[in-house]
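>>> Mind looking at a prediction? Sequence and model below.
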Amino acid sequence: METALAQTKQQRWAGGKSPFQVSYGKLMMWYFLLSDSFTFGAFLISYGAIRFSQNFWVDHNAVFNSFPGFEANLPLAFVSLMTFILIFSSVTMVMAVHEGHKMNQKGVEKWLILTIIGGLAFLGCQAIEWTHLITHTHEVLVDGVIQHWGTTTSHNPWGPHVMYEGRMVATPGPVAFGGYFFGITGFHGFHVTCGVILNIIMLTQTKMGVFQRRGHYEMVEKAGLYWHFVDLVWVFVFLCFYLI
Amino acid sequence: MSETTVHVINHPQDSAHVKRIWKAFWILSIITIIELVLGLTIYQLDKGDPSYSLILFIKGVICILTLAKAFYIISIFMHLGDEIRSMMLSLAIPALLFIWFIIAFLADGNSFKNLRNTDAGIRKYVPQKVMHHAPATAPAAEKENKLD
């Protein structure tokens, strides 16, 4: 028994086949995603380091409190919609991969289209959010003068409140906030864009019957890995910017 | 592309697999809803004068829930749970660097704050209460905080 086990172990690494029992492309996709997680990790951790080094940090519930079409103060509402869109598009992607295993071309097409729609909806939400942040201005006391600032990479109106002419007025907030927020959500949005493009390529090739002829849908699986990674990163972006 | 290796893993029964996907979806949704409830709890508590450790505790719970979500995405949606152990380890062991990464850099940021607040330890730090929101009845707050 033990010798048999040792033998299979040896054979696994003896060459001629993948010791991990996955194809080269899929393994390399995994290692790419591992390296990409360190890129995102470095961004988010440097954001954390800067945030920990400040005595005052922006109150996210005051910044992200709008929902398009509503005037009310709704913290967390819009971003939870974005989160659910992304989780749902992850489910549709895994269903596409599943239909691929069954060699069901129509099923793969249907679920891929839903995934692409989800990705585009997420990007649309992000565009709305960015536009709102940049163009919607707030009163802020700068050098003793009241000004109206939006949230950009160079300035934001989310600093501590001070007394000015008998009322409380905000002062300029930590500059790093805008850079980190737009930088990290932008980098994530760029990944989503790439994922949508990849999925469109997968859809076209599925429609052309490329994978059906090849005999397997592994390319869809690889695109799926990337797409789930985008969802995974969003979970952490959501945590770092909107929840804590 | 003359040779293509078709990689076959043992797939569970079709309906069982679909069921597992939807189960993962519901788990992720429920965890997200719990996170949102906790986030809104922090928002409500912030209106008053909450204890620092209570807020920190809630944030810690949210972080743990996020890790649970990450686990479900990786193991169910990305099917890493179905791969063989040595491949999982080849991804998980490098990812352990994150433990050092997070602790080291957050400690670094915190130390930077302390050094700045105390001029590298030569004076005592007197914390000032900062206001996130304008209160309903504004107390007489000093307009500028001059250096001593």
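The structure has been received and is ready for your questions.
>>> just the strands in chain A please.
With DSSP state E as the criterion, chain A has strands at A:138-142, A:145-149, A:161-164, A:167-170.
>>> can you list the ones you listed in a markdown table and add distance to A:Met28?
C-beta here means a position set from N, CA and C on the backbone, and glycine is covered the same way. Below are the strands of chain A laid out as a markdown table (distance: least, CB to CB, whole Å):
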| stretch | distance to A:Met28 |
| --- | --- |
| strand A:138-142 | 47 |
| strand A:145-149 | 46 |
| strand A:161-164 | 52 |
| strand A:167-170 | 49 |
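>>> pLDDT weak spots in chain A?
Applying pLDDT under 70 to chain A flags residues A:1-10.
>>> Against chain A, how distant is B:Gln128?
8 Å (CB to the nearest CB, to the nearest Å).
>>> Give me the helices and strands touching whichever strand or helix holds B:Ile42, please.
If you go by DSSP states H and E, B:Ile42 is part of helix B:14-47. Here helix B:14-47 touches helix A:60-63, helix A:77-101, helix B:52-72, going by 3 or more CB pairs under 8 Å, 6 or more residues apart in numbering or on different chains; DSSP states H and E.
>>> Buried ones in the second one, by neighbour count?
Judged by neighbour count (16 or more other CB atoms under 10 Å in any protein chain shown), helix A:77-101 contains these buried residues: A:77-80, A:82-101.
>>> coming back round to it: out of the helices and strands packed on helix B:14-47, which is closest to A:Gln11?
helix A:77-101 (26.6 Å; CB to CB).
>>> can you give me how far that closest one is from the chain middle?
Put simply, helix A:77-101 sits 12 Å off its chain's centre (CA atoms, centre = their mean, to the nearest Å).
>>> by contact count, what packs against it?
helix A:105-135, helix A:218-237, helix B:14-47.
>>> Centre-most residue in chain B?
B:Cys63 (3.7 Å; CA atoms, centre = their mean).
>>> Kindly provide the distance from it to B:Ile99.
Going from B:Cys63 to B:Ile99 by CB to CB, to the nearest Å gives 13 Å.
>>> ok, now A:Cys125?
33 Å.
>>> Which one of these two is surrounded by more residues?
The neighbour count for A:Cys125 versus B:Ile99, taken as other CB atoms under 10 Å in any protein chain shown, is higher for A:Cys125 (18 against 9).
>>> Now do the contacts for that one.
A:Phe78, A:Leu81, A:Met82, A:Ile85 (CB atoms under 8 Å, 6 or more residues apart in numbering or on different chains).
>>> so how far is chain B from it?
Counting by CB to the nearest CB, the gap from A:Cys125 to chain B is 16 Å.
>>> now swap in A:Ile146 and tell me
13 Å.
>>> For that residue, which non-adjacent residue is closest in space?
Spatially, and ignoring its direct neighbours in sequence, A:Ile146 is nearest to A:Glu139 (5.9 Å; CB to CB, 6 or more residues apart in numbering or on different chains).
>>> Repeat that for B:Trp22.
Nearest one to B:Trp22, counting by CB to CB, 6+ apart, is A:Val91 at 7.5 Å.
>>> in terms of contact, does that neighbour touch B:Phe25 like I think?
Yes: A:Val91 is in contact with B:Phe25 according to CB atoms under 8 Å; the separation is 4.7 Å.
>>> Would you agree A:Thr153 is in contact with A:Phe182?
Yes: assessed by CB under 8 Å, A:Thr153 is found in contact with A:Phe182 at 5.5 Å.
>>> ok, A:Val192 - how many residues close by?
22.
>>> Correction: the previous question concerned A:Pro172.
17.
>>> cool, and B:Arg123?
B:Arg123: 10 neighbours (other CB under 10 Å).
>>> Could you do A:Gln212 as well?
Neighbours around A:Gln212, by other CB under 10 Å: 16.
>>> Nearest spatial neighbour of it, chain-adjacent residues omitted?
A:Gln105 (5.4 Å).
>>> give the contact list for the one you found.
A:Thr206, A:Gly209, A:Phe211, A:Gln212.
>>> Highest neighbour count among these?
Going by other CB under 10 Å, A:Thr206 tops the contacts of A:Gln105 with 23 neighbours.
>>> Just give the number of residues close to the closest residue to it other than its chain neighbours.
Once flanking residues are discounted, A:Thr206 sits nearest to A:Val108: 5.1 Å by CB to CB, 6+ apart. A:Val108 has 26 neighbouring residues, counting by other CB under 10 Å.
>>> Sweet, I'm off.
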